[in-house]
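Chemist: Here is a sequence with its predicted model. Questions after.
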Amino acid sequence: MKIAVLGAGSWGTTLAVLLAEKGYAVSLWAHRAEFARELERNRENTRYLPGVALPGNLVIEYDIFKAIEGTGMIVTAVPSQALRETLTLLRESSLGEAIVVNVAKGIELATGKRLSEVVPEVLSDVSPEKVAVLYGPSHAEEVSEKQPTTVVAASSCLETAKTVQEVFRTSMFRVYVNTDVVGVEIAGSVKNIIAIAAGISDGIGFGDNAKAAIITRGLAEMSRLAVSLGGDPMTVSGLSGIGDLVVTCLSRHSRNRYVGEQIGKGKCLDEVVGHMKMVAEGVSTTKAVVTLSRKLGVDMPITSAVYEMLFENKPAEQAILDLMTREPKQEMEE
């Protein structure tokens, strides 16, 4: 099978290397011609994944049509808000029976749609049954070092999920399957918002108690939104939920936690993201999820507080105080 990976950031590069090392013919598409030439020249992604050599059978492409030619699987690893634009380039292409695997985590800001919904909407010859997502606690830096990692491949079609499982699994990259695409995507997207909240707590100087509260109550918000959209609440207890939330809230690798930490220290959002090389998906996802939760009538107080701090310049200490002094509730309240 030939596989095309669209997006040469740290995660796209990591997965392209993993697949090439398994023996697949892999094309890695870079959006900018200059960057593609740099990757080919160095045979290393010095910008986003330094120290990891690109295998000889990994082909670097700037021409997206060459990248996808003859592919049996397309892995979309572009930022969530760039997915529709990227796929639009392929609107007139014949993809046959190719499986599309999205690995970016987020909700489309303009439409409030999950990314697995965007794929068949743009690519009319790709049925929803041929779309999958690959989510879970998986920092690119650790996967590229072949540290033990577990993720979940989710598709409405179990056969598709199992195909993705078989393609990606290695001795150090264990892949589970799930057919609850809604639950997996919502959990994997909302966790980035909660990670920003955890980072804000760190930036203010709060301790473990506050972090644990944010993680636990963040899971409750994640579950409420997933259920409101038809997801299974048990999915939130899995790899894309608790698993990814814990690693994103605690890890030094987490871009979303970093953004929150800087906000907690008093910096403004534009200042923080302006100095980052890579996208923190939780920023745009916060906007999208606040809009979606209000539309659905889902109570998400931590998410709303993060929105106020990021986009309305609400002081972090005041936002925390407002959260702590909300009306008392039952823990397991519906």
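Modeler: Perfect, I can see it now. Computed from a prediction, not measured in an experiment: that's the story for all the values here. Numbering: from 1, shown residues only.

Chemist: Off-centre distance for the strand or helix carrying residue 224?
Modeler: According to DSSP states H and E, residue 224 maps onto helix 208-228. On the basis of Cα atoms, centre = their mean, to the nearest Å, helix 208-228 sits 18 Å off its chain's mean C-alpha point.

Chemist: Averaging pLDDT per element, find the lowest-scoring helix or strand in the protein.
Modeler: helix 269-274 (a mean of 90; mean pLDDT, DSSP states H and E).

Chemist: Dump the helix or strand just after that one to CSV, restricted to CA.
Modeler: Under the assignment DSSP H and E, the closest C-terminal helix or strand after helix 269-274 is helix 281-296. What follows is helix 281-296 as a C-alpha-only set of coordinates in CSV (Å, rounded to 0.1, in the frame of the first residue of the first chain):
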residue,chain,number,x,y,z
GLU,A,281,-5.2,23.5,18.7
GLY,A,282,-7.0,24.3,21.9
VAL,A,283,-7.1,28.0,21.1
SER,A,284,-9.4,27.8,18.1
THR,A,285,-11.2,24.8,19.6
THR,A,286,-12.2,26.9,22.6
LYS,A,287,-14.0,29.3,20.4
ALA,A,288,-15.7,26.5,18.4
VAL,A,289,-16.8,24.5,21.5
VAL,A,290,-18.1,27.5,23.4
THR,A,291,-20.3,28.3,20.4
LEU,A,292,-21.4,24.6,20.1
SER,A,293,-22.1,24.1,23.8
ARG,A,294,-24.3,27.2,23.9
LYS,A,295,-26.2,26.1,20.9
LEU,A,296,-26.8,22.7,22.5
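
Chemist: Quick one: work out the angle between helix 281-296 and helix 208-228.
Modeler: Interaxial angle, helix 281-296 versus helix 208-228 (axes from the mean of the first three to the mean of the last three Cα atoms, to 10 degrees): 50 degrees.

Chemist: list the helices and strands helix 281-296 packs on?
Modeler: helix 181-204, helix 208-228, helix 255-264, helix 301-311 (3 or more Cβ pairs under 8 Å, 6 or more residues apart in numbering; DSSP states H and E). C-beta: built from backbone N, CA, C; applies to glycine.

Chemist: export those helices to CSV and tack on mean neighbour count, mean pLDDT and distance to residue 91?
Modeler: As requested, the helices and strands packed on helix 281-296 are arranged in CSV below (neighbours: other Cβ atoms under 10 Å; pLDDT from 0 to 100; distance: least, Cβ to Cβ, whole Å):
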stretch, mean neighbour count, mean pLDDT, distance to residue 91
helix 181-204, 29, 97, 23
helix 208-228, 19, 96, 30
helix 255-264, 25, 94, 30
helix 301-311, 21, 96, 32
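
Chemist: which one of those lies closest to residue 243?
Modeler: For residue 243, the closest of the helices and strands packed on helix 281-296 is helix 181-204, at 9.0 Å, according to Cβ to Cβ.

Chemist: Show the contacting residues for residue 14.
Modeler: 49, 52, 140, 143, 144 (Cβ atoms under 8 Å, 6 or more residues apart in numbering).

Chemist: so residue 109 is in which element?
Modeler: Counting by DSSP H and E, residue 109 is found in no helix or strand.

Chemist: For it, which non-adjacent residue is spatially closest?
Modeler: residue 288 (4.7 Å; Cβ to Cβ, 6 or more residues apart in numbering).

Chemist: Next one: the one you found from residue 185, what distance?
Modeler: As defined by Cβ to Cβ, to the nearest Å, residue 288 lies at a distance of 12 Å from residue 185.

Chemist: what does residue 26 give?
Modeler: For residue 26, the distance to residue 185 - Cβ to Cβ - is 25 Å.

Chemist: give the contact list for residue 189.
Modeler: 80, 105, 106, 107, 114, 281, 285, 289 are the contacts of residue 189 under Cβ under 8 Å, 6+ apart.

Chemist: Closest one to residue 89 out of those residues, please.
Modeler: Nearest to residue 89 out of the contacts of residue 189 is residue 80 (Cβ to Cβ; 16.5 Å).

Chemist: The chain - how does it break down into domains?
Modeler: 2-179, 182-324 (automatic domain parsing).

Chemist: Throw these into JSON lines and include distance to residue 331, thanks.
Modeler: Below are those laid out as JSON lines (distance: least, Cβ to Cβ, whole Å):
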{"stretch": "domain 2-179", "distance to residue 331": "25"}
{"stretch": "domain 182-324", "distance to residue 331": "8"}
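
Chemist: so who does the spatially most central residue of the chain touch?
Modeler: Central residue of the chain (Cα atoms, centre = their mean): residue 105, 2.2 Å from the mean position. Neighbour list for residue 105: 80, 135, 185, 188, 189, 191, 192, 281, 285 [criterion: Cβ under 8 Å, 6+ apart].

Chemist: if you set the cut-off to 10 Å instead, what comes out?
Modeler: 11, 79-80, 115, 133, 135-136, 184-185, 187-192, 240, 244, 248, 256, 281-282, 285 (Cβ atoms under 10 Å, 6 or more residues apart in numbering).
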